[in-house]
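Undergrad: Please find the sequence and the predicted model below.
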Amino acid sequence: MYTTIQFIHSYWAYLVLLIILLATINALAGFFSKREYGAKDFRISLFALIVTHIQLLIGLVLYFVSPLGLQNITSSGMGVVMKDSTARLYAVEHPLIMILTVVFITIGYSKHKKKLLSSGKFKTLAIFYTIALVLMLSRIPWNDWF
């Protein structure tokens, strides 16, 4: 079960990264070009929200079944995990930062719906999705991804 969930989590992450990158670029382009916010823009931001929430659910399941997640903390102790950079990445940093990523995407999506003008919608999406993208890129375990 662990390897299947890890496989799904790893490959779904490519889709998440691609969609968040697309949604961020779309929001930035819309803001700087001062174009009207349309149905396509809404769908892109909504799809980014959906894929990140699915990834969060898969990641939470993985965190509880993986030997690198909660099991590592309970078996080794938090002090040992925090001293080992690889163990800390998988057990603490990656999950925490990815949860923050989902929070920023959710807040950005929710706040943009309340804006009336296109510039406000794009600006809100651009700010929150860019922060989420930077956070996500900072804690992807790149060594295991390629």
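TA: Looks like it came in fine.

Undergrad: Show me the contact partners of stretch 109-117.
TA: Outside stretch 109-117, the residues that touch it by C-beta atoms under 8 Å, 6 or more residues apart in numbering are 45-46, 48-49, 120-122, 124-125, 128. Bear in mind the C-beta positions are built from the backbone N, C-alpha and C, glycine included.

Undergrad: Now restrict those to buried residues only.
TA: Taking 16 or more other C-beta atoms under 10 Å as the criterion, what is buried in the contacts of stretch 109-117 is 45, 48-49, 121-122, 124-125, 128.

Undergrad: ok, those vs residue 63, which is closest?
TA: Distance to residue 63 across these (C-beta to C-beta) is lowest for residue 49, with 20.9 Å.

Undergrad: Let me know the helix or strand that the residue sitting nearest the centre point of the chain is in.
TA: Centrality entry for the chain: nearest residue to the mean C-alpha point is residue 101, 4.4 Å, by C-alpha atoms, centre = their mean. Using DSSP states H and E, residue 101 sits within helix 94-114.

Undergrad: With just CA atoms, put the lowest-mean-pLDDT helix or strand in the chain into PDB.
TA: Within the chain, no helix or strand scores below helix 142-145, which has a mean of 74 by mean pLDDT, DSSP states H and E. Extracted C-alpha coordinates of helix 142-145, given in PDB (Å, rounded to 0.1, in the frame of the first residue of the first chain):
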ATOM      1  CA  TRP A 142      14.300  17.300  -5.700                       C
ATOM      2  CA  ASN A 143      16.800  14.400  -5.200                       C
ATOM      3  CA  ASP A 144      14.100  11.800  -5.200                       C
ATOM      4  CA  TRP A 145      12.000  13.500  -7.900                       C
END
